[in-house]
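Asker: Build the 3D model from these lines:
(2 chains)
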Amino acid sequence: MSPIEVLLILAIAAFLAGFAGSFLGIGGGILLIPFMTLVLAIPIKAAIATSLIGVIATSSGAASVYVRDHLTNLRLAMFLEVGTTLGAIAGAFIGIFVEAIYLYFVFGAAMLYAAATMARRRETAKDRAYREGEEPPLVKRLNLSSVYFDQEDQAVYRYRVDRVGAGFGASAAAGVASGLLGVGGGFIKVPAMNVIMHVPMKAAVATSNFMIGVTAAASAFIYYSHDLVNPAYAAMVIIGVFTGTNLGTRLLVRSKASNVRIVFAILLSAIGIAMAARAFFPGVVP
Amino acid sequence: MTTARSGFSFVQNRIAALRRAVVAEVEDLNRLIFHVLRGGVVVSVALLLFGFVLGGLTGHPLPVHTTSLRDLSLELFKFNPDGYLSLGVLLLIFTPMVRVFLSLIAFAEERDWTYVLLTGIVFANLLVGVILVG
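Answerer: This next block holds a predicted model:
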């Protein structure tokens, strides 16, 4: 493939990744990196750096819409970002200095985990219902509990946030994954907020998306300073992801897409196995 | 009787006005963040497209390396497409940082010192990366 062809294919792939990402609530990075490494034969560290730039474009594009629609819990995002940015810096330094073969393996494992979280059950109205009882003192002090307007139900839901310590730890882990693997880490943060902290799903997705941009920026600077960002690749990914996300977010608000999620989970698992296999059989897997 | 009623409606009006003010303030912050995030991406995409057009017109080969902050202004001045592509990428990375800074100001205005501290830590974490790029 000529360099121009690689760029054009990358732009189309970024468009599709941005579209599917916003549509399915999974960042584009987890699709884009296997594509760049397995199909376009871009070295994995350069792919990670390029993907991080795409992740920021996705987050800024999608988050702006969510903030306007009042789905994002700004305080919760800010609190957890302390954990994600610290994790991201650590992850970026590990990612830059570790051998590429480990990155393939960890990336494959992360994809399998992401596939498992995609197959989770749907949230019911009972899950969204406000739970009575005293708020933990830290939650009260941080003023984390909030309300959001559910467009699907045409109702306002009040929710309280629980177990901030465990949620903070999970966010730090998501930050490490983001900095190390060049993904948004939504597949860790969204279940952590939803299951551990009891944040309703839509608010969790919006808050996670909002945090992803800041998290990715923390490690993107580090990759940039180590000259791992290829500006032409990054430009193609930004343009592709930007247009793809714009289209996807417009559809997200109304879509349920549960069958699509299962198909997608299977696809993610398959690609994850291919990525991990590359760590063990570098010559066999392309 | 009338004074009691007018006093009550006065209090009600005050409460309504206060609530409107609070809603408007939250609304302003949200709107500003919306414009910053959106605007950052749009300007970045515009710069990248300009870089590609410039590269196409001058027949400049596609860049493989990014420009450091130190050399950036010189490259831009020389109308080197590499500089414009790097600037587009950097601007995108800086966008969330501006957002964090705006949140810092908003929390300071609310005198919410806990969140000023938390936001300050996040901002400092981002600065670590900027210093490395410099």
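
Asker: Next one: A:Gly169 from A:Ala270, what distance?
Answerer: Distance of A:Gly169 to A:Ala270, given as Cβ to Cβ, to the nearest Å: 31 Å. Every residue, glycine included, has its C-beta placed from N, CA and C.

Asker: Of all residues in chain A, which one is closest to chain B?
Answerer: A:Phe221 (2.6 Å; Cβ to the nearest Cβ).

Asker: residues in contact with that residue?
Answerer: B:Ile93, B:Leu126, B:Val128, B:Gly129, B:Val130, B:Leu132, B:Val133 (Cβ atoms under 8 Å, 6 or more residues apart in numbering or on different chains).

Asker: Any idea how far the helix or strand harbouring it is from the middle of the chain?
Answerer: A:Phe221 belongs to helix A:201-225 when assigned by DSSP states H and E. Centroid separation for helix A:201-225 versus its chain: 8 Å, with Cα atoms, centre = their mean, to the nearest Å.

Asker: Now do A:Phe149, the pLDDT please.
Answerer: Listed pLDDT for A:Phe149 reads 77.

Asker: how about the closest residue to it other than its chain neighbours, what does it touch?
Answerer: Spatially, and ignoring its direct neighbours in sequence, A:Phe149 is nearest to A:Val156 (5.3 Å; Cβ to Cβ, 6 or more residues apart in numbering or on different chains). Shown in contact with A:Val156 (Cβ under 8 Å, 6+ apart): A:Val147, A:Tyr148, A:Phe149, A:Asp150.

Asker: quick one: least confident helix or strand in chain A?
Answerer: Within chain A, no helix or strand scores below helix A:125-128, which has a mean of 64 by mean pLDDT, DSSP states H and E.

Asker: following that helix, which helix or strand shows up next?
Answerer: helix A:137-142.

Asker: pLDDT of that following helix, averaged?
Answerer: Across helix A:137-142, pLDDT averages out at 81.

Asker: any residue of it up close to chain B?
Answerer: Yes: using Cβ under 8 Å from any Cβ of the partner chain, helix A:137-142 reaches chain B at A:Arg141, A:Leu142.

Asker: and whatever residue of chain B ends up closest to chain A, what element?
Answerer: Closest residue of chain B to chain A, Cβ to the nearest Cβ: B:Gly129 (2.6 Å). Per DSSP H and E, B:Gly129 falls inside helix B:113-133.

Asker: Could you pull out the buried residues of that helix?
Answerer: Using 16 or more other Cβ atoms under 10 Å in any protein chain shown as the test for burial, helix B:113-133 gives B:Tyr115, B:Val116, B:Leu118, B:Thr119, B:Val122, B:Phe123, B:Asn125, B:Leu126, B:Gly129, B:Val130, B:Val133.

Asker: ok, which stretches of the stretch 151-286 of chain A are helices?
Answerer: Secondary structure of the stretch 151-286 of chain A by DSSP state H, counting those that start in this stretch: the helices cover A:164-181, A:186-191, A:201-225, A:231-252, A:258-280.

Asker: make that the stretch 1-150 of chain A, sorry
Answerer: A:3-24, A:29-34, A:44-68, A:74-97, A:100-118, A:125-128, A:137-142.

Asker: Is it possible to get CSV of those that adds mean neighbour count?
Answerer: Shown next, in CSV, are these (neighbours: other Cβ atoms under 10 Å in any protein chain shown):
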stretch, mean neighbour count
helix A:3-24, 20
helix A:29-34, 28
helix A:44-68, 28
helix A:74-97, 24
helix A:100-118, 20
helix A:125-128, 12
helix A:137-142, 14
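
Asker: Return the member of those helices having the minimum mean pLDDT.
Answerer: Among the helices of the stretch 1-150 of chain A, helix A:125-128 scores lowest, at a mean of 64.

Asker: Spell out which residues of the stretch 151-286 of chain A are next to chain B.
Answerer: A:213-214, A:216-222, A:224-225, A:227, A:229-232, A:234-235, A:238-239, A:242.

Asker: which of the residues you listed count as buried?
Answerer: A:213-214, A:216-222, A:224-225, A:229-232, A:234-235, A:238-239, A:242.

Asker: leaving aside the residues next to it on the chain, what's closest to residue 84?
Answerer: In the absence of a named chain, chain A is used. Nearest to A:Thr84 is A:Gly175, by Cβ to Cβ, 6+ apart, at 3.6 Å.

Asker: nope, chain B please
Answerer: That would be B:Gly51: by Cβ to Cβ, 6+ apart, it lies 3.5 Å from B:Tyr84.
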